[in-house]
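Visitor: Here is my input; please provide its structure:
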Amino acid sequence: LLAVPGVMLSLRRIVDRHRLLLSTARGLVQGRTELRAPKLKGISGEFAVALNQLAQQLTDSPRSETARPAQESQLLRQDLQRERQRLKALEQELDAMRETAQRRGLLIGSLGHELRTPLAALIGHGDLLLNGGGLSPAQTEAVQTLKSSAQQLMQLTGDLLDWGRIENGSLELARQRFDLSALIEDTVRQLAPLAYEKKLELIYLVYHDVPAVVLGDPTRLRQVLNNLLSNAIKFTPHGEVVLRVMKDRDEGDQCRLHFSVRDTGAGIAPEQQARLFLPYQRLQPNAAGGTGLGLVI
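Guide: Below you'll find the predicted structure:
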């Protein structure tokens with residue numbers, strides 16, 4: 001199931017290639033000998049070469065012979081019929097995979113909502129136990145571990161729900177006024193303990209020309225910043241993680257803001273950077289923690 005999006009993309013490309021070949025073959029049957037099939041790879045490429053050779057032969061033949069021999073015409077029609085059958089089979093398979101992807105998205109959404117209720121109860125009761133007092137140090141540590149684990153599961157559930165919405169095209173962004181500086185400060189404050197555990201400096205810089213109040217989706221912006229910053233902290237053994245927010249340019253009654261996260265970690269090899277935001281891929285499969293969905297979302 002995890003490979004469905006990639007397979008669907010490959011099928012679309014195959015379908016497109018066969019449509020090009022069918023269009024060229026139809027034109028040759030109609031006597032348009034100037035048509036040529038594009039250069040392709042694999043079996044489609046071999047068929048394209050054969051079409052182009054036939055088209056060239058027809059072009060070079062005398063005008064009195066432009067009516068193709070019955071045998072060549074029959075072979076071309078047979079090839080055309082086979083390509084039509086292959087195209088129909090590929091389209092049916094593509095439709096089936098779309099239906100499978102839609103059902104998977106519905107299943108993920110249903111499971112996610114079912115998981116969030118008990119997880120929220122665990123987090124809430126953990127807070128009650130911690131705030132109520134009367135726990136021994138060992139009991140306090142156990143409850144904190146329980147609460148932390150539930151919060152991690154809640155985050156994972158949220159990521160799965162968001163990814164399902166993105167795949168189904170049902171993710172909608174909110175438009176509301178919010179204090180940008182306060183949101184950034186609060187996001188950094190929540191991640192500060194993670195940086196402190198690794199003795200990292202977590203710094204944020206909001207430039208003076210950045211508007212204080214903006215119109216947008218604060219929940220999604222917080223999610224993006226949280227993913228980028230936590231990812232930087234996770235893979236930075238020492239040094240610092242810096243978030244900068246600056247105004248890129250004005251666009252009428254709007255402005256484009258530039259958010260950047262820089263860390264002193266090992267970095268990413270150039271050949272791996274192209275895969276950084278692809279779904280279902282992890283640059284370091286053996287790295288501890290995380291699903292790899294955060295940056296994709």
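Visitor: ok, and what's touching the strand ranked longest in the chain?
Guide: Ranked by number of residues, the top strand in the chain under DSSP state E is strand 240-251. For strand 240-251, contacts defined as Cβ atoms under 8 Å, 6 or more residues apart in numbering pick out 180, 184, 188, 195, 200-207, 209-211, 225, 228-229, 232-233, 255-264. The way it works is simple: take the backbone N, C-alpha and C, and place the C-beta from them, glycine included.
Visitor: Likewise for stretch 179-192?
Guide: Outside of stretch 179-192, the residues within contact range by Cβ under 8 Å, 6+ apart are 202, 204, 206, 210-214, 218, 221-222, 225-226, 229-230, 233, 243, 245.
Visitor: hmm, back to that, what about the contacts of strand 240-251, which are in strands?
Guide: 201-206, 255-263.
Visitor: just how off-centre is the longest strand of the chain within its chain?
Guide: Here strand 240-251 is found 24 Å from its chain centre; the criterion is Cα atoms, centre = their mean, to the nearest Å.
Visitor: This structure: helices as residue ranges?
Guide: 4-29, 42-60, 70-132, 137-168, 180-197, 218-234, 270-273, 293-296 (DSSP state H).
Visitor: pLDDT of the first one, averaged?
Guide: To tie it back to what came earlier, the one meant is helix 4-29. In this model, helix 4-29 has a mean pLDDT of 70.
Visitor: do stretch 195-207 as well
Guide: Mean predicted lDDT for stretch 195-207 stands at 94.
Visitor: what about it, how long is it end to end?
Guide: 23 Å (Cα to Cα, to the nearest Å).
Visitor: Then stretch 251-270?
Guide: End-to-end span of stretch 251-270 (Cα to Cα): 33 Å.
Visitor: again, but for stretch 128-138
Guide: Length of stretch 128-138, first residue to last, Cα to Cα: 17 Å.
Visitor: can you list contacts of it?
Guide: Thr140, Val143, Gln144, Lys147.
Visitor: Alright, that wraps it up for me.
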